[in-house]
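S.K.: Here you go, sequence then predicted model.
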4 protein chains.
Amino acid sequence: MAQPAATVGPDSKSARTRKRILDAAAYILSRKGYAGTRLTEVADLADLQAPAIYYHFPSRDDLIEEVMWSGIADMRDHVAATLAALPEETSPIERIAIAAEAHLRHELQISDYTTAAIRNAAQVPAKIRTRQLDEEIAYGAIWKKLFEEAAETGSLPDHLDLSSARMLLLGALNWASEWWTPDVRPLDTVVQTAQSMIRRILGDEGVQEI
Amino acid sequence: MAQPAATVGPDSKSARTRKRILDAAAYILSRKGYAGTRLTEVADLADLQAPAIYYHFPSRDDLIEEVMWSGIADMRDHVAATLAALPEETSPIERIAIAAEAHLRHELQISDYTTAAIRNAAQVPAKIRTRQLDEEIAYGAIWKKLFEEAAETGSLPDHLDLSSARMLLLGALNWASEWWTPDVRPLDTVVQTAQSMIRRILGDEGVQEI
Amino acid sequence: MAQPAATVGPDSKSARTRKRILDAAAYILSRKGYAGTRLTEVADLADLQAPAIYYHFPSRDDLIEEVMWSGIADMRDHVAATLAALPEETSPIERIAIAAEAHLRHELQISDYTTAAIRNAAQVPAKIRTRQLDEEIAYGAIWKKLFEEAAETGSLPDHLDLSSARMLLLGALNWASEWWTPDVRPLDTVVQTAQSMIRRILGDEGVQEI
Amino acid sequence: MAQPAATVGPDSKSARTRKRILDAAAYILSRKGYAGTRLTEVADLADLQAPAIYYHFPSRDDLIEEVMWSGIADMRDHVAATLAALPEETSPIERIAIAAEAHLRHELQISDYTTAAIRNAAQVPAKIRTRQLDEEIAYGAIWKKLFEEAAETGSLPDHLDLSSARMLLLGALNWASEWWTPDVRPLDTVVQTAQSMIRRILGDEGVQEI
DNA sequence: AATGAATGAGGATTCATTCAT
DNA sequence: CATGAATGAATCCTCATTCAT
């Protein structure tokens, strides 16, 4: 008899195929770039034929847009959730250090989506870029707020351009996907180094270990 | 100097056309990515027809390889020359700050080549990557040496993983091409912020203004 | 026979299209030569668009290789089958005469493939040539054996270089595709003349009519 | 002062360059076929640049036409001269045997032009073919006459279709360029075999050695 | 929900040819 | 006479997309 709503639920066969396609697209997109992403290659990886993709996405660009968008959206969710879980009294600088860790771990361990989004931001056509840009701004707002809170508590050194510092820091984190591999040094080392650098940069005094 | 206008010299017609093609390719490559770089678009920008490119380069990949290679090679030359010009007594940390400035200025003001090389490093096929990788290693060696010298003079803080710090720093610099535009904040501000951050990170004491 | 219309059998739609492409390629190849064979022309003749060929063959050269190869292979099958059907007691010279007839009829009446293979043997690049050469050697072996059997029965005239004679004879047959057309003289006349010549050349006595 | 006619005579520099181009074209044409003959390759072989060819020939097709035409014309001259030098009393069959030798030697030893003309007769576009066809008919007329003379002296066997026999014989000779190489068997052997075959085919009695 | 078969737009590359020098 | 530089017309091939099944 008529199957319940499960047929279109998040675990329906269709939903799972759709997920497989997105995963495959994120993987290829992060490695080959926007123009280098072939639907046949995505299909191969998702273990189906290219035309089947059209059952789940109206076009190649729609598929890519979804990858690029959720690359940032997932990151935002992850970092926001991490921050929300912190005790009230966590200091602003500590919050930044923890956000940096969340960013790095999500980018490097969890998500081809984020790598895809980061690497292709500049290459994607305007049409796709728009929705992603909104998301980027929203994610940027989190960081902006973190820095502002740090500034308000007077804990930042004078003469440091806040917005430049923020962008440089995010760059250091984003770029990690270009060079980090698990076999050269553990992710923990990178995370700790980044946090140590953050504390030295933003702390108003000489820096000590945690 | 009675030479007859250097038939194949750096100013010959051929050499100038070749340069125009390279410039155009660097421009497109940095914006569209490896797979997205169309010879027709390059040709349009260089003000000739696509097949004319083949008079100057054996193939699309050869053209791109040259752009990617000189993107790093030029950067290396620029930074190496800057460092070579410093007085003997310049401190290791100061040398790093100055190298960072040279890197940023070359990347952001001078060279589409470098942006192209940086952005496409991960997308380019192995064949092209090889020569560029050599150059990258050579450039990386400069930074490695700078950090080692800083470490030797005992001026670095304990418990800082040198190689992670170096890669994070270079990431911050490389990523600047993704967000910096002259109309939001002057390059000088970015350079000073980066240098200030470097001094705070690497200095072995509480940080003071320049 | 309850089989569902043989999805990939020799009569499937795909198999029929593939055959149409091969036929068209053989036709063009035999008339325009290797370098002169355009995929668009083949496609026109096969009544589809050029890129559709790539659904059935990996490349132009693969298509041509298959034509060239089966040009010889079909000939070999045809001649071998004809010889196999002869009564045991057929004399060696008579076998040669009959093989010549089979060769001529296959070349002139049946197969663009064979004409294509014969005419382009010298022009095709090494890669394609290899497989065809194997087949040629196998076909040549049939003729070599026929001549050796004739020699063993002592029926050949003295002082006739067997291998030269064989090659000259095959040349006479192969070349027929360059000049014979059905409207000048019937094929039967050519066949009978060729057979008469063979009997006179190889018979050890004065020559008589059949 | 004004140089005499020698400037444009058969040994002028221009004439020699022209000859080099023709030789190169004949070489390439005989090996790569009409469509496969590239002006750059011809130019390479003739030791000049492709555009220089246009000083000597109005177009690629004109160059090829000249090669194809003189391939046959030279053959005709050579065979005609050989026949003309024979003593009056030479028998018709002997004249045919001698013509065959002249044909084989010219084709295999002397002339890429002839090989080019023979191999490409069927592939060349109509425009080029026309002039060559006239020449072919003229050359064919020599052979036709030879056979008619043999027939008139009553020396041919009955029931042999003269024109078929002639075409088959010429085919055997023409095809030799496809298989003969000096390293497998001496040309003399091929010539003698061909002549022996001719005498057995056309002689009205059992065949004896020369 | 998916595939086999095909198409049309475009992209790199080749090549005869031109032309100023 | 010849070449350096360039062009425009093809040609092979790739790829997103369509559609009947």
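M.R.: That came in fine, so what should we check first? In this text the structure is predicted, and so the values were computed from the model without any measurement.
S.K.: how many neighbours does the residue in chain A that DNA strand E sits nearest to have?
M.R.: Closest residue of chain A to DNA strand E, Cβ to the nearest atom of the strand: A:S14 (2.9 Å). Every C-beta, even on glycine, is put in place using the N, C-alpha and C of the backbone. By the other Cβ atoms under 10 Å in any protein chain shown criterion, the neighbourhood of A:S14 contains 13 residues.
S.K.: which SSE is it in?
M.R.: Assigned by DSSP states H and E, A:S14 falls within helix A:13-32.
S.K.: roughly how far apart are the residue of chain A closest to DNA strand E and A:V191?
M.R.: 38 Å (Cβ to Cβ, to the nearest Å).
S.K.: cool, and A:T114?
M.R.: Look at A:T114 and A:V191: by Cβ to Cβ, they are 16 Å apart.
S.K.: Between these two, which is the more surrounded one?
M.R.: With neighbours defined as other Cβ under 10 Å, A:T114 and A:V191 compare such that A:T114 has more, 26 against 20.
S.K.: Nearest spatial neighbour of that one, chain-adjacent residues omitted?
M.R.: A:G71 (4.6 Å; Cβ to Cβ, 6 or more residues apart in numbering or on different chains).
S.K.: That neighbour against A:A116, yeah?
M.R.: Yes. With contact taken as Cβ atoms under 8 Å, A:G71 and A:A116 are classed as touching, separated by 5.4 Å.
S.K.: what is in contact with these two at once?
M.R.: A:A26 (Cβ atoms under 8 Å, 6 or more residues apart in numbering or on different chains).
S.K.: quick one, longest helix in chain A?
M.R.: With secondary structure taken from DSSP state H, chain A has its longest helix at helix A:126-152.
S.K.: list the helices and strands it packs on?
M.R.: Contact analysis of helix A:126-152 by 3 or more Cβ pairs under 8 Å, 6 or more residues apart in numbering or on different chains; DSSP states H and E lists helix A:60-84, helix A:92-105, helix A:162-179 as its packing neighbours.
S.K.: helices or strands up against the second one?
M.R.: For helix A:92-105, the contact count by 3+ Cβ pairs under 8 Å, 6+ apart identifies helix A:60-84, helix A:126-152, helix A:162-179, helix A:187-202 as packing neighbours.
S.K.: which residues does the spatially closest residue to A:L146 that is not a sequence neighbour contact?
M.R.: With Cβ to Cβ, 6+ apart as the measure, A:I96 is the residue that lies nearest to A:L146, at 5.1 Å, once sequence neighbours are left out. Residues in contact with A:I96 (Cβ under 8 Å, 6+ apart) are A:146-147, A:150, A:198, A:202.
S.K.: pLDDT wise, what is A:I96 at?
M.R.: Model confidence at A:I96, given as pLDDT, is 96.
S.K.: picking that back up, burial measure for the residue nearest to A:T114, as a count.
M.R.: A:G71 is flanked by 29 other residues according to other Cβ under 10 Å.
S.K.: State the distance from it to chain C.
M.R.: From A:G71 across to chain C, the span is 34 Å (Cβ to the nearest Cβ, to the nearest Å).
S.K.: now do A:V124
M.R.: 27 Å.
S.K.: Right, I'll call it a day here.
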